[in-house]
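Student: predicted model and sequence below, questions to follow.
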Amino acid sequence: MITLRPSDSRGHFDFGWLDTHHTFSFGDYFDPEHEQFRALRVLNEDRVQAGKGFGTHGHRDMEILTWVLSGALEHRDNLGTHGVIRPGEAQVMSAGTGIRHSEFNASATEPVHFLQIWILPQQTGLPPRYDQVAFQEADLRNSLHLIASPDGAGGAVKVLQDLRVFAGWLDSDREVQATILPGRAGFLQVATGEVSLNGVALQAGDGARIEGESSITVVAGAPSEILYFDLA
């Protein structure tokens, strides 16, 4: 069964410096029908204006994955980490017992567009940590490439949950497939472009819960960027 989460049904706030859409309940947006999906707790699509960003703030016991679609996002935290995240790079922050960080648009002239993903960890109270990995375009192009997993297999960033995240940059008319093992579920997020998922049409910003299916086939109707979550 495929259950659509249309882009225009998400929570939406425009603060001027930040334009944000929430797939699941977050902050001042609450929808009892969309609080989380399995361990996937937050999926926010954010656009931050040049020179703006999120000042220093704290998190606890959450796996926070960032995937930049365009532009560049600058990260600093109280572990001493400083990095800039660009398209094709996955950043994960395990908040654990507590971490404080800031995220700002790294450009003084161009906006940054990214997905902020929160994953409920299997275990709480662990030391906080940070990781960032850059992937090759050839690996992401016209494939579902593993970018996050419980064991960091294949150079993916490690997340403390039985969950795998795949990313793909699809050319028009290209197809990718994935198998869903019994008892597991999937979630597809269309970041840009337009695709069909097992024959169901999705546009940029749309998401879909996938339950009771043994596999998925995604076909791009235009150049598209997708994220696929394999969930326990």
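Tutor: Received it, and whenever you're ready, just let me know what you need.

Student: use CA for all of it now, contacts and neighbours both
Tutor: Fine.

Student: check the gap between Ser102 and Leu73 for me.
Tutor: Counting by Cα to Cα, to the nearest Å, the gap from Ser102 to Leu73 is 10 Å.

Student: quick one, what contacts Ala90?
Tutor: Contact analysis of Ala90 by Cα atoms under 8 Å, 6 or more residues apart in numbering lists 65-68, 132-134, 147-148, 157.

Student: Leu73 is in contact with Ala50, correct?
Tutor: No. Using Cα atoms under 8 Å, Ala50 makes no contact with Leu73, being 10.2 Å away.

Student: between the two, which one's more packed in?
Tutor: Leu73 (24 against 18; other Cα atoms under 10 Å).

Student: is it correct that the more buried one is in contact with Asn105?
Tutor: Yes. If you go by Cα under 8 Å, Leu73 and Asn105 touch, sitting 4.8 Å apart.

Student: can you give me the helices for this structure?
Tutor: In the chain, the segments counted as helices under DSSP state H are 137-140.

Student: re earlier: out of the contacts of Ala90, the closest to Gly125 would be?
Tutor: Among the contacts of Ala90, Leu65 lies closest to Gly125 (Cα to Cα), at 18.3 Å.

Student: can you tell me the closest non-neighbouring residue to the closest one?
Tutor: The shortest distance from Leu65 to any non-neighbouring residue, by Cα to Cα, 6 or more residues apart in numbering, is to Val92 (4.4 Å).

Student: tell me the contacts of the one you found?
Tutor: For Val92, the contact set (Cα under 8 Å, 6+ apart) comprises 63-66, 130-132, 157-159.

Student: quick check: it vs Trp169, distance?
Tutor: Val92 is 20 Å from Trp169, by Cα to Cα.

Student: returning to that earlier point: joint contacts of Leu73 and Asn105?
Tutor: If you check Leu73 and Asn105 against Cα under 8 Å, 6+ apart, the residues they both contact are Val112.

Student: quick one: low-confidence ranges for the chain?
Tutor: Applying pLDDT under 70 to the chain flags no residue at all.

Student: isn't Asp61 right next to Met93, touching?
Tutor: No. If you go by Cα under 8 Å, Asp61 and Met93 don't touch, sitting 10.2 Å apart.

Student: for Lys158, which non-adjacent residue is closest in space?
Tutor: Closest residue in space to Lys158, ignoring its immediate chain neighbours: Gly152 at 4.4 Å, by Cα to Cα, 6+ apart.

Student: coming back round to it: overlap of the contact sets of Ala50 and Leu73?
Tutor: By Cα under 8 Å, 6+ apart, the residues touching both Ala50 and Leu73 are 105-106, 112.

Student: so how far does stretch 183-196 reach from one end to the other?
Tutor: So stretch 183-196: terminal residues 24 Å apart, Cα to Cα.

Student: now do the buried residues in that stretch.
Tutor: Neighbour counts over stretch 183-196 (16 or more other Cα atoms under 10 Å) mark 184-195 as buried.

Student: state the distance from the closest residue to Asp14 other than its chain neighbours to Tyr29.
Tutor: In this structure, Asp14 finds its nearest non-sequential neighbour in Thr20, 6.4 Å apart by Cα to Cα, 6+ apart. Distance of Thr20 to Tyr29, given as Cα to Cα: 11 Å.

Student: what's the answer for His113, then?
Tutor: His113 sits 20 Å away from Tyr29, going by Cα to Cα.
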